[in-house]
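Chemist: What follows is a protein structure lacking sequence information:
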């Protein structure tokens with residue numbers, strides 16, 4: 001589904017930051033746009049920065065369920081800072097909180113959490129109901145054989161040892 005990304009520019013609150021950019025909304029079914037100005041309210045300006053496809057995958061239905069069960073379901077927008085006339089490049093829009101976390105962990109991209117519109121929540125929920133399969137938990141059984149009875153390789157044979165490797169060092173040896 002095509003998803004328009006709305007980014008707001010507001011004046012910075014310190015002298016070191018002239019503007020603050022933040023993704024604030026998504027537009028389901030939006031047409032193509034590249035930094036089209038939508039609204040201006042004083043110094044705050046909202047842009048339709050980009051339109052990206054929101055893709056859902058059968059293997060990620062558990063992540064979508066996790067995102068839908070949140071207090072406020074969200075779409076995550078991943079952006080990168082650029083030196084172009086437009087300060088941000090919108091890279092990805094996803095409904096998976098797991099995928100968003102992966103991008104946030106790198107520290108190279110900005111990840112914004114945007115509340116999901118009701119129609120989009122229903123679309124994602126329908127997809128999950130159609131494709132989700134619970135994974136069966138299989139507990140691993142340990143082998144009953146004991147491997148701790150043999151004492152092979154106590155220490156490294158190439159290193160000369162003047163005493164028993166299990167004995168604590170004496171105070172006399174520690175002072176020298």
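Modeler: Cool, got the structure. Source: prediction; values computed, not measured.

Chemist: Mind giving me the packing neighbours of the helix or strand harbouring residue 124?
Modeler: Residue 124 belongs to helix 118-131 when assigned by DSSP states H and E. The helices and strands touching helix 118-131, judged by 3 or more CB pairs under 8 Å, 6 or more residues apart in numbering; DSSP states H and E, are strand 19-28, helix 61-68. The way it works is simple: take the backbone N, C-alpha and C, and place the C-beta from them, glycine included.

Chemist: where does the most centrally placed residue in the chain sit relative to residue 24, distance-wise?
Modeler: In the chain, the C-alpha nearest the mean C-alpha coordinate belongs to residue 101, at 1.4 Å (CA atoms, centre = their mean). As judged by CB to CB, to the nearest Å, residue 101 and residue 24 stand 21 Å apart.

Chemist: repeat for residue 8
Modeler: Residue 8 sits 5 Å away from residue 24, going by CB to CB.

Chemist: Now for those two: what residues contact both?
Modeler: Both residue 8 and residue 24 are in contact with residue 46, where contact means CB atoms under 8 Å, 6 or more residues apart in numbering.

Chemist: quick one: average confidence on stretch 84-102?
Modeler: Here stretch 84-102 scores 89 as its mean pLDDT.

Chemist: now the end-to-end length of it.
Modeler: 25 Å (CA to CA, to the nearest Å).

Chemist: about what we covered before: so which of residue 8 and residue 24 has more stuff around it?
Modeler: Taking other CB atoms under 10 Å, residue 8 and residue 24 do not tie; residue 8 has more neighbours (18 against 15).

Chemist: check which helix or strand covers that one.
Modeler: Counting by DSSP H and E, residue 8 is part of strand 2-11.

Chemist: Could you tell me how far that strand lies from the centre of the chain?
Modeler: Offset of strand 2-11 from its chain centre (CA atoms, centre = their mean, to the nearest Å): 20 Å.

Chemist: Show residues contacting that strand.
Modeler: Residues outside strand 2-11 that contact it (CB under 8 Å, 6+ apart): 18-31, 33, 38, 43-54, 75, 77, 79, 88, 90, 93.

Chemist: out of the residues you listed, which are buried?
Modeler: Listed as buried from the contacts of strand 2-11 are 21, 23, 25-27, 30, 33, 38, 46-52, 54, 75, 77, 79, 88, 90, 93; burial here means 16 or more other CB atoms under 10 Å.
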